[in-house]
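J.: I would like the atomic coordinates for the input below:
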Amino acid sequence: MPTPQDFARAAALSDEALLLECDEAFFIASGPGGQHRNKTETGVRLAHRPTGITVTATERRSQLQNRGEALERLRAVLVKKSYVEPKRIATKPGKGAKRRRLEGKRHTSEKKQNRRGGWD
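T.: Prediction:
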């Protein structure tokens, strides 16, 4: 299982070095774009071997543009997976916060008690 440091290392690589760590596959990408898109292998699939992440790009009619798009997507996934949430340090509310909270509760209680009277 890759660690966040592995993802961060891969995300910091240059485009060429990142492509060397990937298995690149081309396939026919159907959809709008006419015969050029439907009969040529313009779809690009990148599989990053060290982390096991796979991304595809089929939006463009050009294989080169799809390769660049797939590389951007791979880098975005690597950056997202490299994020480590900071550890939360449990703290207790201070004296001032306790006092303000109790004053607010007291004020609400007084408002409600004042509503009760006067209907004899």
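J.: and the contacts of stretch 56-67?
T.: With Cβ atoms under 8 Å, 6 or more residues apart in numbering as the test, stretch 56-67 has contacts from 24, 26, 29, 31, 33, 36-37, 40-46, 69-70, 73. Heads up, the C-betas are built off the backbone N, CA and C, glycines and all.
J.: for stretch 9-27, measure first residue to last.
T.: End-to-end distance for stretch 9-27, by Cα to Cα, to the nearest Å: 29 Å.
J.: check which helix or strand covers Gln35.
T.: Using DSSP states H and E, Gln35 falls within helix 34-39.
J.: so for that helix, what gets flagged as buried?
T.: Arg37 (16 or more other Cβ atoms under 10 Å).
J.: residues making contact with it?
T.: 28-31, 42, 61.
J.: just these now: which is nearest Glu16?
T.: Thr42 (21.5 Å; Cβ to Cβ).
J.: determine the longest helix present in this protein.
T.: helix 95-116 (DSSP state H).
J.: still on that earlier bit, report the buried members of the contacts of stretch 56-67.
T.: 29, 33, 37, 42-46, 69-70.
J.: any weak-confidence spans in the chain?
T.: Where the chain drops to pLDDT under 70, the residues are 33, 118-120.
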